[in-house]
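Asker: Structure, please.
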Amino acid sequence: MTVTQAAAEPLIRIGEVARGAGVSVRAVRYYEQQGLLIAERSPSGQRLYRQDAVALVRFFQQMFAAGLTSRGIMALLPCWDSGHTDAGQRAMLRAERDRIQAKIGDMQAALDRLDKVIAITDTHP
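Answerer: Sure, this is the predicted structure:
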């Protein structure tokens with residue numbers, strides 16, 4: 001898509017998105033290739049993004065860190081964009097939340113175990 005008229009909100013360049021979200025420019029391009037992020041193009045061909053691209057990229061980073069795939073994140077985007085969900089989307093959101101909560105429980109158990117090992121080794125150097 002090419003920008004042909006003044007946008008209602010100022011668009012930002014790929015470097016600004018990357019810096020604002022704390023990721024590389026390459027990561028922003030990857031999200032675009034995956035269909036997660038849409039860039040407009042300036043007349044000279046530069047990628048331009050809406051202001052909310054920074055928040056979206058941060059959201060992508062969080063979801064990837066939580067174990068979601070690009071496809072899973074893509075399924076969440078309509079909820080992000082509209083703020084509304086249907087029954088199927090809510091079920092999917094709850095399932096992802098439950099999966100993440102279980103992962104947190106596993107990580108907490110591992111942390112607790114490490115704390116015990118540290119405590120033992122602190123008393124027996």
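Asker: What are the contacting residues of whichever helix or strand D81 is part of?
Answerer: Assigning secondary structure by DSSP states H and E places D81 in helix 70-82. With Cβ atoms under 8 Å, 6 or more residues apart in numbering as the test, helix 70-82 has contacts from 34-36, 56, 59-60, 63-64, 68, 85, 89, 92-93, 96. (Glycine included, C-beta is placed from N, CA and C.)
Asker: again, only using 7 Å
Answerer: Contact with helix 70-82 is made by 34-36, 59-60, 63, 85, 89, 92-93, as judged by Cβ atoms under 7 Å, 6 or more residues apart in numbering.
Asker: Would you write a ChimeraX line that selects the buried entries of those?
Answerer: Here is the ChimeraX command that picks out the buried ones among those, judged by 16 or more other Cβ atoms under 10 Å:
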select :36,59,60,63,92
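Asker: For stretch 68-83, give the mean pLDDT please.
Answerer: The average pLDDT within stretch 68-83 is 84.
Asker: buried residues in the helix holding D81?
Answerer: 70, 73, 75-76.
Asker: Can you tell me which of these is closest to A27?
Answerer: S70 (12.1 Å; Cβ to Cβ).
Asker: Give me the mean pLDDT for stretch 98-114.
Answerer: 94.
Asker: Give the buried residues for that stretch.
Answerer: Here stretch 98-114 shows I100 as buried, counting by 16+ other Cβ under 10 Å.
Asker: Not counting it itself, show me its contacts.
Answerer: Counting by Cβ under 7 Å, 6+ apart, 66-67 sit against stretch 98-114.
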